[in-house]
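> here is a sequence together with a model predicted from it:
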Amino acid sequence: MLRAVAGLGRLTLSLVAEIGRMLIFTLEVLSHLVRPPFYPREFGQAVLAVGWQSLPVVGLTALFTGGALALQIYAGGARFSAEELVPQIVAVGMVRELGPVLVGLMIAARVTSSIAAEIATMKVTEQIDALVTLSTHPMKYLTLPRVLAAMLTVPVLVAVGDVIGIFGGYVVGTWRLGFNPAGYLKNTVDFLETLDIVSSLAKGAAFGLLAALAGCYFGMRSSRGAQGVGRATKSAVVAASVLILAANFILTEVFFSA
Amino acid sequence: MIRLSGVQKSFGENHVLRGVDLEVGRGESCVVIGGSGTGKSVVLKCILGLVTPDAGTIEVDGQDVTRVSRDPFLARFGMLFQGAALFDSLPVWQNVGFRLLRGEKARPRREARDIAIEKLRRVGLGPEVADRYPAELSGGMQKRVGLARAIAADPEIIFFDEPTTGLDPIMAGVINELIREIVTELGVTAVTITHDMTSVRSIADRVAMLHGGKIRWTGPVSEIDSAGDPYLDQFVQGRAEGPIETLR
């Protein structure tokens, strides 16, 4: 019994220490925002890697989710004669919740893993040390461009995901469930509010920040060898996913609590 | 002049450096030898500030390295890493010209590329290599590119970490000759880490042997065969029997 409590204590302490280290890492990254030199070329490449190259997976995820959501709402709504609410609930569901969260999780899977594996490999092959000897701060050259790119492009991805998700619902609603196309679109537009869109984009920025930070943090802290790279990548994806879901709850509470 | 006094460094319970004292004169080529895991690379990393010593002082030209401005300080150094440590995402010429493309003394891309190609030529690589990526090169070519990167910005001090590890004897000989030529030609101060005795005899003016976390012996390369130190003798002659414990 005592051993179990001690184990729980150790686990809690290590978790708190890890959160503290991540927080310090985040502050260090942000402190470089205002201190030159800056690396626009690396930033541009990160924008392409995080934003442009994530578009296909984000689009497909949103399309299928929007379609499935329309089917579920129709089937569920039929139990109390509320089938006509499909356009409104698809729109609100996608924009407020599913769009940002699914895009965030897709970014965690695609971008966080990629960043963590790349930086961890650079660490174990001494490329990070080489950067330092070449008078280049790894935080500025590797971390800041990726974090900034994710913060700026993930909201755009979320907006695209929201639109494609609503389109998925529209396709299913009009072709499969017999909704009038013009009526579906009108209900969608009328029901959405500015706050829905603002919250969606704000969540995107927050999730992008968390996803890139987790990738950079665990990559930079990687231990030696292939196992170290694997562990760093796994930890980064798990941490990013959990942080995104936790942040989603907090932001939903901030934006929509009565 | 590089001077280390009583430098200590531990990683957890592993006391790697237990008071290293070493001096390397300006324009001198010093080779640090010692078995695997004795902390040779840690010595270099301490000088560069990649690893912070637990105790002791390190001075370069009389300045404590922990108190100098980092960028101008590092601009004086070039380093060839054990695995070359080339940046996978950049073509060869951008690896070589990395320092020339960034920072306060950045040059136009065309000029940086020309310098990079000239440095590649200096290490025996043609301009056709410039646009290839590191993964497309053999181990020997990667080492040469690493060497070209180390000398690209005309440093005053160059560190070579295991420059011939993993290379065949002929390529190792080529790299040794290149290092000797570059050190002599550029008049730089060089510190090389190795346990390859052929490299030692090719590159060194002076040799320092690291054992037990301290400099066990130091002297001119011409004296390593007649120094009379049992530890040095065992290492130089590659004997399994002797005071240095070996795992079997």
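Received the coordinates, thanks.
> so where do the strands sit in chain B?
Ranges of strands in chain B, per DSSP state E, are B:2-11, B:14-24, B:29-33, B:55-60, B:63-64, B:77-80, B:157-161, B:189-193, B:206-211, B:214-220.
> out of these, which comes closest to chain A?
Put simply, out of the strands of chain B the one that sits nearest chain A is strand B:77-80, at 4.6 Å, with distance taken as Cβ to the nearest Cβ. The C-beta positions use only the backbone N, C-alpha and C, and glycine is treated the same way.
> what about that closest one, distance to the chain center?
Relative to its chain's centre, strand B:77-80 lies at 7 Å (Cα atoms, centre = their mean, to the nearest Å).
> any idea which residue sits dead centre in chain A?
When chain A is reduced to its mean C-alpha position, the nearest residue by Cα atoms, centre = their mean turns out to be residue A:104, at 2.2 Å.
> for that one, which residues are in contact?
With contact set as Cβ atoms under 8 Å, 6 or more residues apart in numbering or on different chains, residue A:104 has these partners: A:154, A:158, A:203, A:204, A:207, A:208, A:210, A:211, A:244, A:248.
> and the host helix or strand of it, how far out from the chain middle?
If you go by DSSP states H and E, residue A:104 is part of helix A:99-107. How far helix A:99-107 lies from its chain's middle: 5 Å, per Cα atoms, centre = their mean.
> what's the average pLDDT for it?
Along helix A:99-107, the predicted local confidence has a mean pLDDT of 97.
> how about stretch B:202-216?
Per-residue confidence for stretch B:202-216 averages out to 94 on the pLDDT scale.
> can you check the pLDDT for the residue nearest to residue B:61 when sequence neighbours are not counted?
What sits nearest to residue B:61 in space, not counting adjacent residues and going by Cβ to Cβ, 6 or more residues apart in numbering or on different chains, is residue B:1, at 5.9 Å. Here the pLDDT value assigned to residue B:1 is 88.
> return the residues in contact with residue B:1.
Residues touching residue B:1, when contacts are defined by Cβ under 8 Å, 6+ apart, comprise B:23, B:24, B:25, B:26, B:59, B:60, B:61, B:62, B:189.
> again, only using 7 Å
The contact partners of residue B:1, taken as Cβ atoms under 7 Å, 6 or more residues apart in numbering or on different chains, are B:23, B:24, B:25, B:26, B:61.
> of these, buried ones?
Buried residues within those, defined by neighbour count using 16 or more other Cβ atoms under 10 Å in any protein chain shown: B:23, B:24.
> follow-up on the earlier one: can you put the strands of chain B in TSV and add distance to residue B:230?
Putting those into TSV (distance: least, Cβ to Cβ, whole Å) gives the following:
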stretch	distance to residue B:230
strand B:2-11	24
strand B:14-24	19
strand B:29-33	15
strand B:55-60	27
strand B:63-64	36
strand B:77-80	32
strand B:157-161	27
strand B:189-193	22
strand B:206-211	11
strand B:214-220	10
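> closest one to residue A:113 among those?
strand B:2-11 (28.7 Å; Cβ to Cβ).
> so in that sheet, which strands flank that closest one, and in what orientation?
Here strand B:2-11 is paired, per DSSP bridges, with strand B:14-24 (antiparallel), strand B:55-60 (antiparallel).
> which of the ones you listed is buried the deepest?
Ranked by average neighbour count under the criterion mean count of other Cβ atoms under 10 Å in any protein chain shown, the strands paired with strand B:2-11 are headed by strand B:14-24 at a mean of 18.
> show me how far stretch B:57-75 is from its chain's centre.
Here the centre of mass of C-alpha atoms in stretch B:57-75, compared against the chain's by Cα atoms, centre = their mean, lies 17 Å away.
> ok so, going back, out of the strands paired with strand B:2-11, the one nearest residue B:237 is which?
Each of the strands paired with strand B:2-11 was checked against residue B:237 via Cβ to Cβ, and the shortest separation belongs to strand B:14-24, namely 23.4 Å.
> how close does residue B:5 get to residue B:139?
Using Cβ to Cβ, to the nearest Å, one gets 37 Å for the distance from residue B:5 to residue B:139.
> which residues are in contact with the closest residue to residue B:109 other than its chain neighbours?
Nearest non-adjacent residue to residue B:109, counting by Cβ to Cβ, 6+ apart: residue B:101, 6.8 Å away. The contact partners of residue B:101, by Cβ under 7 Å, 6+ apart, come to B:94, B:109, B:112.
> residues of chain B that sit close to chain A?
When proximity is defined as Cβ under 7 Å from any Cβ of the partner chain, chain B approaches chain A at B:48, B:50, B:71, B:74-75, B:77, B:79, B:81, B:83, B:85, B:87, B:98-99, B:102-103.
> now chain B, which segments are flagged as low pLDDT?
Per-residue confidence for chain B (pLDDT under 70) gives these ranges: B:246-248.
> what about the closest residue to chain A within it, how many neighbours?
Nearest residue of chain B to chain A (Cβ to the nearest Cβ) works out as residue B:85 at 4.0 Å. Residue B:85 has 23 neighbours, counted by other Cβ atoms under 10 Å in any protein chain shown.
> what residues does it make contact with?
When contacts are taken as Cβ under 7 Å, 6+ apart, residue B:85 is in contact with A:125, A:126, A:127, A:129, A:130, B:146.
> same list, these, but as JSON lines with neighbour count please.
Below are the contacts of residue B:85 laid out as JSON lines (neighbours: other Cβ atoms under 10 Å in any protein chain shown):
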{"residue": "A:125", "neighbour count": "19"}
{"residue": "A:126", "neighbour count": "20"}
{"residue": "A:127", "neighbour count": "23"}
{"residue": "A:129", "neighbour count": "22"}
{"residue": "A:130", "neighbour count": "26"}
{"residue": "B:146", "neighbour count": "27"}
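> ok, so of the residues you listed, who is nearest residue A:225?
Closest approach to residue A:225 among the contacts of residue B:85 (Cβ to Cβ): residue A:125, at 10.8 Å.
> how close does that closest one get to chain B?
In this structure, residue A:125 lies at 6 Å from chain B, with Cβ to the nearest Cβ, to the nearest Å as the measure.
> torsion angles phi and psi at that residue?
Recorded main-chain torsions at residue A:125 are phi -100, psi 20, according to degrees, to the nearest 10.
> circling back to that earlier point, from the residues of chain B next to chain A, which land in helices?
Among those, the ones falling in helices (DSSP state H) are B:48, B:71, B:74, B:98, B:99.
> check these and tell me the two furthest apart.
Maximum pairwise distance among these (Cβ to Cβ): 16.0 Å, between B:48 and B:98.
> nearest residue to residue B:165 in space, please, no chain neighbours.
For residue B:165, the spatially nearest residue (Cβ to Cβ, 6+ apart) is residue B:82, at 5.8 Å.
> contacting residues around that neighbour?
B:161, B:162, B:165.
> make TSV out of these and add neighbour count and distance to residue B:37.
Supplementary listing: the contacts of residue B:82 in TSV, determined by neighbours: other Cβ atoms under 10 Å in any protein chain shown; distance: Cβ to Cβ, whole Å:
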residue	neighbour count	distance to residue B:37
B:161	24	14
B:162	21	13
B:165	16	14
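> alright, I will stop here.
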